[in-house]
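Asks: sequence unavailable; structure follows:
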Ligand SMILES: C[S@@+](CC[C@H](N)C(=O)[O-])C[C@H]1O[C@@H](n2cnc3c(N)ncnc32)[C@H](O)[C@@H]1O
């Protein structure tokens, strides 16, 4: 495909997403119907679509309309590219610009940082002058991080092994287990190093959170919202005896394979009995507002009703998980949200009702170093 034909495909897919389709199924459908597209074409089209979703409102303003065409035109202008080289009408290129499309518009208010307008007042209250930085960070592509399996290899040695397998990576400046993949990230999960269990894809914020938890070798840990087990694996790498639980058993189906690859043991427990644990970790379901650069259509799908639902679920997760903590043990609550109503507010309400106190807290905003993430560590008052 020519570069212009890739933009034309992205315009069509963006229109489908604006019409209500989710991003991944829309991309998949286009791929299936476009046998002529090679893997580089598919990756390029995907990148344009995701850039368009990350910067949907600002690009639409710059491009003059909230449509696939307006967004793509706006992206080109924002990136300093010449739209007339793409909108040529030649072959499969988008048709040339109309007179009305010649002048660039200017985004205003929350649109300028591509944050949902209804959610902007909340972000301003939560983050004050930093609100623009928090929202703005979600407009860029996300860095790719992996977690070194330190039971098998050091981060430095892993970096060298990956280099020999054609994958560039750099040590993270502050998270000891993390490498940022700088070159050929698409090769990661097909690499020999991955098959050998030397690393797992995981954002640096999640790694920092697990490293910060008060865990001693041999401690029993319940990962109460284990999902696919990313945190369970990181907890096991800290020497904990990990039990993985999730309300949705199907989400945990890959944990045994992942644990075997990593050389660790994780008990998968769809149902919990009377056990107690030294630490219960609740990686609660949330808006994902700290990771919206990775899932940009989720940013535009969130509603105030859904946010209120999530806050109710978060409160019940903490309430239901707390009884599994041993006397003198630790309860930890985490989200990948940057919204106080899903983080400190949930924890404060729980502490007031249930005589727990916060002993440690970490609140990260999305940046080049990591995604947005929140962690609160609690102990029960005697
Ligand atoms: C943020 S995801 C967990 C991600 C996972 N810890 C990881 O590192 O890959 C939240 C998980 O909480 C689960 N969940 C939602 N409500 C729950 C509940 N009441 N009890 C336990 N798990 C719940 C969801 O099924 C989902 O898998």
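Replies: On my side now, so go ahead. Computed from a prediction, not measured in an experiment: that's the story for all the values here.
Asks: mind checking the backbone torsions on residue 105?
Replies: Here is the backbone geometry of residue 105 (degrees, to the nearest 10): phi -90, psi 180.
Asks: again but with residue 199, I slipped
Replies: Main-chain torsions, residue 199, degrees, to the nearest 10: phi -160, psi 170.
Asks: do you know how far it is from residue 147?
Replies: Note on residue 199: its distance to residue 147, by C-beta to C-beta, to the nearest Å, is 6 Å. Yep, even glycine has a C-beta here, placed from its N, CA and C like the rest.
Asks: ditto for residue 281
Replies: For residue 281, the distance to residue 147 equals 16 Å [C-beta to C-beta].
Asks: so where do the strands sit in this structure?
Replies: Counting by DSSP state E, the chain has strands at residues 144-148, 168-171, 178-183, 199-201, 220-223, 241-244, 266-268, 277-283, 325-335, 356-364, 373-380.
Asks: using TSV, lay out these together with mean neighbour count, distance to residue 61 and mean pLDDT.
Replies: TSV is the format used below for the strands of the chain (neighbours: other C-beta atoms under 10 Å; distance: least, C-beta to C-beta, whole Å; pLDDT from 0 to 100):
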stretch	mean neighbour count	distance to residue 61	mean pLDDT
strand 144-148	25	30	98
strand 168-171	18	36	98
strand 178-183	20	32	98
strand 199-201	21	34	98
strand 220-223	27	43	98
strand 241-244	24	45	98
strand 266-268	20	48	98
strand 277-283	24	36	98
strand 325-335	20	31	96
strand 356-364	15	30	97
strand 373-380	22	30	97
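Asks: which one of those strands lies closest to the ligand?
Replies: Among these, strand 277-283 comes nearest to the ligand, with 3.6 Å by C-beta to the nearest ligand atom.
Asks: between the strands of the chain, which one is nearest to residue 342?
Replies: In terms of C-beta to C-beta, the element of the strands of the chain nearest to residue 342 is strand 325-335, at 5.3 Å.
Asks: do that closest one and the ligand come into contact?
Replies: No: judged by C-beta under 6 Å from any ligand atom, strand 325-335 stays clear of the ligand, getting no closer than 7.3 Å.
Asks: which other residues reach that strand?
Replies: Here strand 325-335 makes contact (C-beta atoms under 8 Å, 6 or more residues apart in numbering) with 209, 213-214, 220, 276-284, 286, 290, 314, 318, 321-322, 342-343, 346-347, 350, 356, 359, 373-380.
Asks: which regions of the stretch 201-350 of the chain sit below the pLDDT cut-off?
Replies: Within the stretch 201-350 of the chain, not a single segment meets pLDDT under 70.
Asks: quick one: name the residues of the stretch 201-350 of the chain near the ligand.
Replies: Within the stretch 201-350 of the chain, the positions lying close to the ligand (C-beta under 6 Å from any ligand atom) are 224-228, 230-231, 246-248, 251, 283, 285, 313, 316-317.
Asks: swap the cut-off to 8 Å and go again
Replies: Listed as neighbours of the ligand in the stretch 201-350 of the chain under the rule C-beta under 8 Å from any ligand atom: 202, 206, 223-232, 234, 245-248, 251, 282-286, 288, 313, 316-317, 320-321, 335-336.
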